[in-house]
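Novice: no sequence on this one, just coordinates:
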């Protein structure tokens, strides 16, 4: 055996322990980052979603088309409703 080198059997437990420690560290970072304050991330994501909806021209086009169709429906229904007319005259004698 060469001085300064360890046998393969002694490296395996050390490598296995290092992998386990690395996995534990990654899990702790993941949980600490994403689970510590879920409300903050959800609020930011919701804000980004609303900004995207507000500024996306395709979504705006669809929204305005929907509003126009709703108004056209109201106007079409108005044609079937009764029409009232009034006429008056005032004479001062």
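Specialist: In hand now; what should we look at? Here the structure is a predicted model, which means the values were calculated and not measured. Numbering: from 1, shown residues only.

Novice: CA only for contacts and neighbour counts going forward, please
Specialist: Will do.

Novice: Can you report how many residues neighbour residue 56?
Specialist: 11 (other Cα atoms under 10 Å).

Novice: residue ranges for the helices of this protein, please.
Specialist: Assigned by DSSP state H, the chain shows helices spanning 8-34, 38-55, 57-78.

Novice: any chance of those in TSV, with mean neighbour count too?
Specialist: Putting the helices of the chain into TSV (neighbours: other Cα atoms under 10 Å) gives the following:
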stretch	mean neighbour count
helix 8-34	11
helix 38-55	12
helix 57-78	11
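
Novice: Same list (these) but as a markdown table, adding distance to residue 85 and mean pLDDT.
Specialist: As requested, the helices of the chain are exported to a markdown table (distance: least, Cα to Cα, whole Å; pLDDT from 0 to 100):
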| stretch | distance to residue 85 | mean pLDDT |
| --- | --- | --- |
| helix 8-34 | 66 | 68 |
| helix 38-55 | 43 | 76 |
| helix 57-78 | 15 | 94 |
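
Novice: Serialize those helices to CSV and add fields for distance to residue 89.
Specialist: Converted to CSV, the helices of the chain look like this (distance: least, Cα to Cα, whole Å):
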stretch, distance to residue 89
helix 8-34, 76
helix 38-55, 53
helix 57-78, 29
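
Novice: Would you list the phi and psi of residue 87?
Specialist: Taking degrees, to the nearest 10, you get phi -140, psi 140 for the backbone angles of residue 87.

Novice: Now do it, the pLDDT please.
Specialist: If you check residue 87, the pLDDT there is 94.

Novice: go on, the one 4 residues further on?
Specialist: The score at residue 91 is 92. That number is its pLDDT.
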